[in-house]
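**Student:** Quick one, structure for this:
(chains A and B)
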Amino acid sequence: MKNTIKGFALSALCVAISGQALGQDTPQPGGEIVVTYQNDVATLDPAIGYDWQNWSMIKSLFDGLMDYEPGTTELKNDLAEHYEISEDGLTYTFTLRPGVTFHNGREMTAADVKYSLERTVNPQTQSPGAGFFSSIEGFDEVSSGEVTELSGISTPDERTVEITLSAPDATFLHVMALNFASVVPQEAVEAAGRDFGKQPVGTGAYMLDEWALGQRLTFVKNEDYFREGIPYIDKIDFEIGQEPNVALMRLQRGEVDIAGDGIPPAQFLQFRDDPEFENLMVVGDQLHTGYMTMNVNIPPLDDVKVRQAINMAINKARIVRVINGRATPANQPLPPAMPGYDESYEGYPYDVEQARALLEEAGYGDGFETELFVMNTDPQPRIAQAIQQDLAQIGIKADITSLAQANVIAAGGEQEQAPLIWSGGMAWIADFPDPSNFWGPILGCEGAVPGGWNWAWYCNEELDARADEANAMVDPDQQEERAELWGEIFTTAMDDAPWVPIFNEQRFTVHSARMGGDDALYVDPVHVPVNYDYIWVK
Amino acid sequence: MAWFIAKRIAYSLLILLGVTFITYLLLYMIPADPARQIAGRSATAEVVANIRHQLGLDLPFYEQYFRYLVNLVQGDFGRSYVQRSEVATLIEARIGPTLQLMAAGIGFELLIGVTLGIVAALKRNSVLDQLLMAFSFIGVSSPHFIAAMLALYVFAVQLEWFPLGGYGEVKHLMLPAITLGVLGSGWYSRMVRSSMIEVLHQDFIRTARAKGLKRLRVLLRHVLPNAIIPVIPMIGIDIGIFMSGLVVVEAVFGWPGLGQLAWQAIQQVDIPVIVGVTTLSAVAIILGNLVADLAVLFVDPRIDINKS
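**Tutor:** Model prediction:
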């Protein structure tokens, strides 16, 4: 199942296509830009950093075996020159690109890849991403702290890494593209100790030049980067502590090139409607779905007709208006940018009459009382109120319980606690562009456990078996078939209506007129929020 | 005197202990589980338990608190759960800017407040007096966020007298400090006004005037030194009020101080940072009060500490 030539041809094609898409103007090397953020960057340690702000910064400082085509969700080789998958789908053999050096000048080898993956899994590192590597053989032993080496990883020579899985996993290449799989040099990690996140050393397009805590981080171009000509920009100053309103004012004055936090909700409409900013505001899809869960164990929500009635009663277009149109209405769990999204699926229509009829059929013609849990920061309570009004139309009286995020998550993780939960502000943005990430934790049986994230407590063993089947389809030739299977799994689950999918949030970035590069780079679905390596200054 | 100072320091330490205990207890009781937060959403129960153990979160409350105190005495504030850095390092990076802004802010408060208070007292019951008092009332009751945004919009965006945020030079410091000064000056102007009016009615002022001293000399040599005494302990209290105002003003002006650090830590439930900043704020307030109490003794030798 050697995919080298094919992979090469495919990536060449993608580069050609994306090159065409990006090439309205020609990228220029050089220049310095200023990016602002309100909050300080937590950490740049790729094993630990797990928020939207540091995600793309880490991607610019580090590389992993795999990555994505700029501005897309299409996998490409990164530090891996090529890879092979064994017939049984269990062993991945990666051949490393020769001559790649870390920022400290040392050449990167297979031992570094092994060390980096083991470091992330090691419980001493306290990595929030350790769980992603559970399919690698020997994970349990390392995770429990018994040993520090993963038995599933071997390095036959300096340029070869062999990774054996305990079960076939079609998402494994995506896992290798996560920041948690970034390659780090052992000596730099050990020298920095627990402060590696403040003194990062990787192989990435940029190097950290200076970090004045709470004030500024400066990235400078890595002149020895293995991709020729990348990055385009010489220096990026990330100014920290900028209130988003102030950042926008500074952008208007030409002092800022990218307002990292986007547009504050209160200013959104004014900004969107101002012709001055028409070409500066970029809109992109996120791998996000906002949904309301219905606990299938709590009566009367245990009746599928009741859940379907609720699906029909919610006016999603109005909810989108509540958040100033910063989203599009959803009809299925998967977001449109995700492989497997079924464009032909129509979902439940907004039909109050039919919803009432269904409730009548279920024996709740007079309605019933229930409870809707919601996180207590704006705009979530406003969305919950809109849902509450919609439910009232069909006689359902939902009391809103507005709590801190941690309390809502805790309530969702208890089987008999929360009948309805509006997921906004807590879940779910995919970690990688694969539908499986939208199933296991939030709709599959594995998530329907105490402390889990499947707050609908929906467990359909038949669909779970099909999900396992989809996860085992590792052959690149099967990817289309696999995406279709996933699409079916999600739309079939919607027959049981454990969720009301409500909207898919969009991402907005504002940049100055002097910034060049395709719009997709400023709302990159994977290098969230901005792909700093490929943008340029006009 | 030494006994007075020793007693005050002992009280201060007790208050500090109380502050750390209450903060630690409150944060211990909130339901957010740091181990789960660190472990991420894909972690197994075993991983969460392992992290909880590493952080000592599986120990009983009194043991965790005791550990915290022992470390604190050695200058160790612990490590941030989110940034994974020493809390002391994070605080160290922020304390300089905060002290700068606090000193400049209180300086402007005093300058504006005392000046307005004197003018109001001298022109008492006039229209000017009423206007000044209305100004001070608006100042102290303005929401910091709106006032700071307004100041920024008018003086930085429209008039372009100051830069839009930033840190490092005097020009960056001026606007946030003046904003804080205007917002807090009301307390001082009211205090100085009433204190001045009281002093102006004293016999010794009449005597001084009767001796033929010039009005300005009476004011500077006799009225002001006496009227200013109640203002001194106010500065101590003001440090506490300032800490809360700084959170907002620092955020609006992009000032890299402790207020911003605290605000971020609260949003992220980063307990070691919250406890660290709270403890430090308590130290600042207690020290401020202590220094103010002692300063009063030097300014006004008539105060008898044995009676106070």
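
**Student:** Just want to check the distance between the nearest residue to A:Gly340 once chain neighbours are set aside and chain B.
**Tutor:** Distances taken as C-beta to C-beta, 6 or more residues apart in numbering or on different chains place A:Trp486 nearest to A:Gly340, at 3.6 Å, with adjacent residues excluded. Using the backbone N, CA and C atoms, a C-beta is placed for each residue, glycine as well. Summarising the geometry, the distance separating A:Trp486 from chain B, computed by C-beta to the nearest C-beta, to the nearest Å, is 19 Å.

**Student:** Just give me the neighbour total for A:Trp486.
**Tutor:** Neighbouring residues of A:Trp486 were enumerated by other C-beta atoms under 10 Å in any protein chain shown; the total is 27.

**Student:** check contacts around it.
**Tutor:** Under the criterion of C-beta atoms under 8 Å, 6 or more residues apart in numbering or on different chains, the neighbours of A:Trp486 are A:Leu334, A:Pro339, A:Gly340, A:Pro435, A:Ser436, A:Trp439, A:Ala467, A:Ala470.

**Student:** at 10 Å instead, please
**Tutor:** The neighbours of A:Trp486, taking C-beta atoms under 10 Å, 6 or more residues apart in numbering or on different chains as the test, are A:170, A:334, A:338-342, A:434-436, A:438-439, A:466-467, A:470-471, A:473.

**Student:** Give me the subset of those residues that lies in helices.
**Tutor:** Counting by DSSP state H, the part of these found in helices is A:Arg466, A:Ala467, A:Ala470, A:Asn471.

**Student:** quick one: which of those is nearest chain B?
**Tutor:** For these, the closest approach to chain B (C-beta to the nearest C-beta) belongs to A:Asn471, at 14.9 Å.

**Student:** what about A:Thr164, is that helix, strand or coil?
**Tutor:** strand (DSSP: H, G, I helix; E, B strand; the rest coil).

**Student:** May I see the PyMOL selection of the buried members of the ones in helices among the contacts of A:Trp486?
**Tutor:** Here is the PyMOL selection string for the buried members of the ones in helices among the contacts of A:Trp486, based on 16 or more other C-beta atoms under 10 Å in any protein chain shown:
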select buried, chain A and resi 466+467+470+471
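
**Student:** Would you point out which residue of the stretch 1-150 of chain A is nearest chain B?
**Tutor:** A:Pro128 (2.7 Å).

**Student:** Look up the closest residue to residue 88, ignoring the ones flanking it.
**Tutor:** The chain I'm using is chain A. Here the residue nearest A:Asp88, using C-beta to C-beta, 6+ apart, is A:Pro168, at 7.1 Å.

**Student:** Let me rephrase: I mean chain B.
**Tutor:** B:Phe77 (4.9 Å).

**Student:** I figured the residue of the stretch 1-150 of chain A closest to chain B was touching B:Ile38, is that so?
**Tutor:** Yes - counting by C-beta atoms under 10 Å, B:Ile38 is a contact partner of A:Pro128 at 6.4 Å.

**Student:** residues shared between the contacts of those two?
**Tutor:** The contact lists of A:Pro128 and B:Ile38 share A:Ile48, A:Tyr50, B:Val47, B:Ile51, where a contact means C-beta under 10 Å, 6+ apart.

**Student:** Please report phi then psi for A:Gly99.
**Tutor:** Main-chain torsions, A:Gly99, degrees, to the nearest 10: phi 70, psi 20.

**Student:** where's it relative to A:Glu228, distance?
**Tutor:** Computed as C-beta to C-beta, to the nearest Å, the A:Gly99 to A:Glu228 distance reads 12 Å.

**Student:** Neighbour count: these two, which is higher?
**Tutor:** Regarding A:Gly99 and A:Glu228, a neighbour count based on other C-beta under 10 Å identifies A:Gly99 as having more, with 9 against 5.

**Student:** In space, what's closest to whatever residue of the stretch 201-308 of chain B ends up closest to chain A - neighbours in sequence excluded?
**Tutor:** Scanning the stretch 201-308 of chain B for the residue nearest chain A gives B:Pro256, at 3.7 Å (criterion: C-beta to the nearest C-beta). For B:Pro256, the nearest residue in space outside its immediate sequence neighbours is A:Gly214; the separation is 3.7 Å by C-beta to C-beta, 6+ apart.

**Student:** Could you do A:Arg227 as well?
**Tutor:** When the adjacent residues along the chain are set aside, A:Arg227 lies closest to A:Ala205, with 7.1 Å between them (C-beta to C-beta, 6+ apart).
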